[in-house]
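Enquirer: quick check, what structure comes out for this input:
(one chain, ligands or ions: 1)
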Amino acid sequence: MKKEINVVAAIIENEHNEILCALRSPEMSIPNMWEFPGGKVEKDEDIFSALKREIQEELDCTIDISNQFISNTHEYETFIVHLKSIKCKIIHGTPKTSEHSSLIWLKRENLPSLVWAPADVPIVEELMNEK
Ligand SMILES: Nc1nc2c([nH]c(=O)n2[C@H]2C[C@H](O)[C@@H](COP(=O)(O)OP(=O)(O)OP(=O)(O)O)O2)c(=O)[nH]1
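Expert: Below is the predicted model:
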């Protein structure tokens, strides 16, 4: 049986209506693909606390949760990811790369120009449909 993981991802929009996109590094699983920052929900942790913790660790930023966006389950070759996306705003700090190779802010219409982790594709499509 494939391992299943619960992952939360932050859709962070700035005052110019741009969304933060993060490039997974060559050392990470699913390397060199774009994702929304976030990570695995730990045992006994709720999704919002998990996301706040991950964003603090990964980007050195404090976020405020706005609302839950869509969820998607994707089966990769070796594991299954249950990915929940959550809209949020940065209330303190400027995103800094630590684990990722790159961070960029993109307007919605330009999101499809990136090569997204397969689990993220429905999220990107839904964001495109929004406006
Ligand atoms: N953070 C994040 N992870 C995603 C997204 N889409 C997607 O398929 N994933 C996958 C990649 C990872 O395998 C997993 C997230 O775990 P993680 O962020 O802790 O990744 P990690 O590199 O530390 O995982 P690992 O190598 O320690 O197994 O979910 C996304 O938009 N954001």
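
Enquirer: got the residues of this protein near the ligand?
Expert: 7, 9, 28-30, 35-36, 38-40, 81, 83, 117, 119-120 (CB under 6 Å from any ligand atom). Quick note: C-beta positions are derived from backbone N, CA and C, even for glycine.

Enquirer: out of those, which end up buried?
Expert: V7, A9, E35, F36, G38, G39, V81, L83, A117, A119, D120 (16 or more other CB atoms under 10 Å).

Enquirer: report the contact partners of the last one.
Expert: Right, D120. Applying CB atoms under 8 Å, 6 or more residues apart in numbering, we find D120 in contact with A9, W34, E35, F36, N72, L83.

Enquirer: ok, how many other residues are close to the second one?
Expert: If I follow you right, that is W34. Neighbourhood size, W34 [other CB atoms under 10 Å]: 22.

Enquirer: tell me the bridge partners for it.
Expert: Residues in a beta bridge with W34, per DSSP bridges, are L23, W116.

Enquirer: now the contacts of D120 as CSV including pLDDT?
Expert: Shown next, in CSV, are the contacts of D120 (pLDDT from 0 to 100):
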residue, pLDDT
A9, 98
W34, 98
E35, 98
F36, 98
N72, 98
L83, 98
